[in-house]
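**Q** Curious how this folds, go ahead:
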Amino acid sequence: MRNSISLGKEKTEELLAANTPWVIRLKIPTGEEVIVEDMVRGTVRVSSNEIDDKVLLKGDGMPTYHLANVVDDHLMEITHVIRGEEWLPSTPLHVLLYRALGWEDTMPKFAHLPLLIKPTGKGKLSKRDGDKMGFPVCSSSLATSFKGRIFNGVS
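**A** Have a look, this model is predicted:
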């Protein structure tokens with residue numbers, strides 16, 4: 001990987017002085033077992049060697065979903081994250097982000113639910129499907145209460 005770690009300080013400073021586009025990544029520790037206690041799946045263990053150094057801040061200055069998600073949930077004091085199972089592979093990264101930011105003690109509990117499939121059997125159920133097929137599908141702006149916390153939608 002071509003980055004500030006592999007290029008060294010001098011080359012990095014040269015590239016920055018030339019206004020070369022850059023990103024900020026989370027340096028993933030090697031040789032660690034990242035443990036996620038999922039309220040649905042139980043204990044999920046992932047080797048940190050299987051996680052690449054994720055981009056957190058893009059070249060245009062915008063945060064990636066992963067950084068924005070963790071910071072937003074932390075600032076909103078979210079206690080439980082309930083989301084579809086397609087996000088389970090990202091959760092070890094989120095755990096490492098909470099740890100890197102010093103927020104491990106306030107990290108929410110995670111629950112990854114099986115996906116709801118369209119009545120046709122092809123693809124995930126969406127709000128638009130409910131509109132087309134004549135049945136209600138909960139809006140993401142619906143306020144939900146869980147264990148005394150109110151938050152909009154599902155994180």
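
**Q** what ranges do the helices span in this structure?
**A** Remark: helices assigned in the chain by DSSP state H are 4-7, 9-17, 65-75, 91-100, 127-133.

**Q** Domain boundaries for the chain, per the record?
**A** Split into domains by automatic domain parsing, the chain comes to 4-115, 116-155.

**Q** Check the spacing between the spatially most central residue of the chain and E50 real quick.
**A** Centroid-nearest residue in the chain: H66, 3.9 Å away (criterion: Cα atoms, centre = their mean). The spacing between H66 and E50, counted by Cβ to Cβ, to the nearest Å, is 16 Å. To be clear about C-beta, it is placed using only N, CA and C from the backbone, and glycine gets the same treatment.

**Q** can you pull the pLDDT of W22?
**A** Looking at W22, its pLDDT reads 85.

**Q** Measure how buried it is and give me the count.
**A** Other residues near W22 come to 14 when the count uses other Cβ atoms under 10 Å.

**Q** I'd like to check which residues are in contact with it.
**A** L15, L16, G59 (Cβ atoms under 8 Å, 6 or more residues apart in numbering).

**Q** and the first one, what is it in contact with?
**A** Meaning L15. L7, W22.

**Q** do that again at 10 Å, thanks
**A** R2, S4, L7, P21, W22 (Cβ atoms under 10 Å, 6 or more residues apart in numbering).

**Q** okay, the contacts of W22 in a markdown table with pLDDT next?
**A** Compiled in a markdown table, the contacts of W22 are given as follows (pLDDT from 0 to 100):
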| residue | pLDDT |
| --- | --- |
| L15 | 87 |
| L16 | 86 |
| G59 | 88 |
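
**Q** Which per-residue confidence value corresponds to the spatially closest residue to L56 that is not a sequence neighbour?
**A** Closest residue in space to L56, ignoring its immediate chain neighbours: L67 at 4.3 Å, by Cβ to Cβ, 6 or more residues apart in numbering. Among the per-residue scores, L67 holds a pLDDT of 96.
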